[in-house]
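*Asks:* turn this into a structure:
(chains A and B)
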Number of protein chains: 2
Amino acid sequence: MSDIEMIEAAAVRGEGHIRRTPLLASPFLDAAAGRRVLVKAECLQHTGSFKARGAWAAVSALPEDLRALGVVAFSSGNHAQGVAWAARAHGVPAAIVMPSDAPTLKIANTRALGAEVVLYDRENEDRDAIGADLAERRGMSLIKPFDAPMTIAGQGTVGLELAEQVAAEGVRNADVLVCCGGGGLASGIALALEARAPGLRVRTVEPEGFDDTARSLAAGRILRNASLAGSICDAIVTPEPGRLTFPILQRLAGPGLVVSDAEALAAMAQAFLRLKIVLEPGGAVALAAALSRPVAIEGSAVVVIASGGNADPALFAQALAAPQTP
Amino acid sequence: MSDIEMIEAAAVRGEGHIRRTPLLASPFLDAAAGRRVLVKAECLQHTGSFKARGAWAAVSALPEDLRALGVVAFSSGNHAQGVAWAARAHGVPAAIVMPSDAPTLKIANTRALGAEVVLYDRENEDRDAIGADLAERRGMSLIKPFDAPMTIAGQGTVGLELAEQVAAEGVRNADVLVCCGGGGLASGIALALEARAPGLRVRTVEPEGFDDTARSLAAGRILRNASLAGSICDAIVTPEPGRLTFPILQRLAGPGLVVSDAEALAAMAQAFLRLKIVLEPGGAVALAAALSRPVAIEGSAVVVIASGGNADPALFAQALAAPQTP
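*Replies:* Now for the predicted structure:
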């Protein structure tokens, strides 16, 4: 199957399970950004982030006898919830390998969704090795968070919806800002748009200090982040771009954008005030780029993927307390 | 035209302008409520509340020459923003009469939407008289917040969407909990459901101390609230049920429900955690009833209208800081 056929097949398997999330807008955001801002509210997806799409696509694609043995995933949290949710909906067990410093809420939610949680030390242990070992010992299938064709295809279903929704708004040419960790969402959307809306161009957005994709795109080769801890945008911190996702982004995505933690928090406040949606910092960096990097963006409209809403309540309150224009 | 024909005509006039808001759900809310909870996220409507529907229906129904003179409205805030938005989209002026103690954000938003704001004292002045005077002197049409057929028809478009969305979830019989001030939203939805989903029954939900509709329904006649100030649910505090809305609710709605301010705040936190939507206290009372009054509700599923999200940031942070189950 071609890339777009895989994405369309994932969309068909997700019918009745994956939510078609709304494309929101506000005249206040348009004024703040200096152009039309169309926001795909993927925080309203099941489990609070787009990760439910890739997880559903991967779990639903497993042969039934293999799927019955269960699935294993390693994740900073949102992928974990997505896989736990998809596994439970399929009636199969899930083991989730999570960093021990993941937000309490994400660990609790993953457990509440019926998954077994295996914690590890983000700085000193190799999550890939732990995940692979669990998979081998129990016969469970490893559901990768981004660097797997089925995961990319599932995230690409966001792009299929976008192509229709953005066209319905009369917009044909625009940058599509995508919060980027390993690049599964960005590359999946890029593949869908290549086939269905070639006037829309993906731009990755990352937090300062964890801009491996922006630097890798600029250098033309995969570069690593110097550190993996210390960002409030924990959901989108990964060591480096994926081996599968990076070539897709090299071919299809524009230059990467980078925003500060303060800009991500300000975008969370704007999403609260103007769109009435909850974003976590990692899910708000694309909106932050639309609001804070107007010169780096092309066109009279910009599309923003608001990719996740699993925000810590205390951090969210902090975002609301920062100075804002009323 | 019959009631349902008026509602359907309002829906047609709103096409391309009014958002079809999503029906959301979370297994965590289902577990907390002891039944399936389906939440119509009307906080995602333009201007952050369902009021945009009634305003659009009323403004779009005016004869063109009359509409050109502009519109006037009196409102605690959400209706104001709805009318300001609808007037601007039609290219006509709007004057909004607002209580001087309305949240700063709502006053600022109404002005930013291009309307002239006229402030009055909620305890000592009669907003009806002020609104009527403005209408007479300037030739502007008064857009009533709830007690007018066109406003009710516009709010009823929520019911048309609900009938389809709830049926798609396989639910035929359920209580539909509706945040209730003057009763425009509740009566409009009740009329739509009577025609399109007779197994769904509207139940009004109000804050303690401002439960004029619940008491009026129980007494069989219109009763007033003792006070009009002091509720955090400012968006749904009105003196008494409307002359048009009350008979509709008497005929079609079940017994009214009442929740405390603390329960409304807890529901805001749950909507944040589980649905990733922002609710204001008055827009959260229906969800509060679903979570806190399980015995008073009938059936294995309940439908909740999350009617508005124009929350004050400080109050929202307070809701998040209250103790919650993780």
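*Asks:* chain center to the longest helix along chain A: distance?
*Replies:* Of all the segments assigned as helix in chain A under DSSP state H, the longest by residue count is helix A:149-168. On the basis of Cα atoms, centre = their mean, to the nearest Å, the separation between the geometric centre of helix A:149-168 and that of its chain is 12 Å.
*Asks:* give me the pLDDT value at the residue in the stretch 51-200 of chain A positioned nearest to chain B.
*Replies:* As assessed by Cβ to the nearest Cβ, chain B sits closest to A:A108 within the stretch 51-200 of chain A, at 4.4 Å. From N, CA and C alone the C-beta is placed, and that goes for glycine too. According to the model's per-residue confidence, A:A108 sits at a pLDDT of 86.
*Asks:* could you tell me whether A:I96 really is in a helix?
*Replies:* No: A:I96 sits outside any helix when classified using DSSP: H, G, I helix; E, B strand; the rest coil, being strand.
*Asks:* returning to that earlier point: can I get the longest helix of chain A in PDB, CA atoms only?
*Replies:* Extracted as PDB, the C-alpha positions of helix A:149-168 are listed here (Å, rounded to 0.1, in the frame of the first residue of the first chain):
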ATOM      1  CA  PRO A 149       4.600   2.900   9.700                       C
ATOM      2  CA  MET A 150       1.300   2.000  11.400                       C
ATOM      3  CA  THR A 151       1.700   4.700  14.100                       C
ATOM      4  CA  ILE A 152       2.500   7.300  11.500                       C
ATOM      5  CA  ALA A 153      -0.500   6.200   9.400                       C
ATOM      6  CA  GLY A 154      -2.800   6.600  12.400                       C
ATOM      7  CA  GLN A 155      -1.500  10.100  13.200                       C
ATOM      8  CA  GLY A 156      -1.900  10.900   9.500                       C
ATOM      9  CA  THR A 157      -5.700  10.700   9.900                       C
ATOM     10  CA  VAL A 158      -5.500  14.100  11.400                       C
ATOM     11  CA  GLY A 159      -4.200  15.300   8.000                       C
ATOM     12  CA  LEU A 160      -7.200  13.700   6.200                       C
ATOM     13  CA  GLU A 161      -9.600  15.600   8.400                       C
ATOM     14  CA  LEU A 162      -7.600  18.800   8.100                       C
ATOM     15  CA  ALA A 163      -7.600  18.700   4.300                       C
ATOM     16  CA  GLU A 164     -11.400  18.700   4.300                       C
ATOM     17  CA  GLN A 165     -11.900  21.100   7.200                       C
ATOM     18  CA  VAL A 166      -9.300  23.700   6.000                       C
ATOM     19  CA  ALA A 167     -10.700  23.600   2.400                       C
ATOM     20  CA  ALA A 168     -14.200  24.200   3.900                       C
END
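*Asks:* and the angle from the helix or strand just after it to helix A:149-168?
*Replies:* Next in sequence after helix A:149-168, counting helices and strands by DSSP states H and E, comes strand A:174-179. For strand A:174-179 against helix A:149-168, the angle between stretch directions is 140 degrees (axes from the mean of the first three to the mean of the last three Cα atoms, to 10 degrees).
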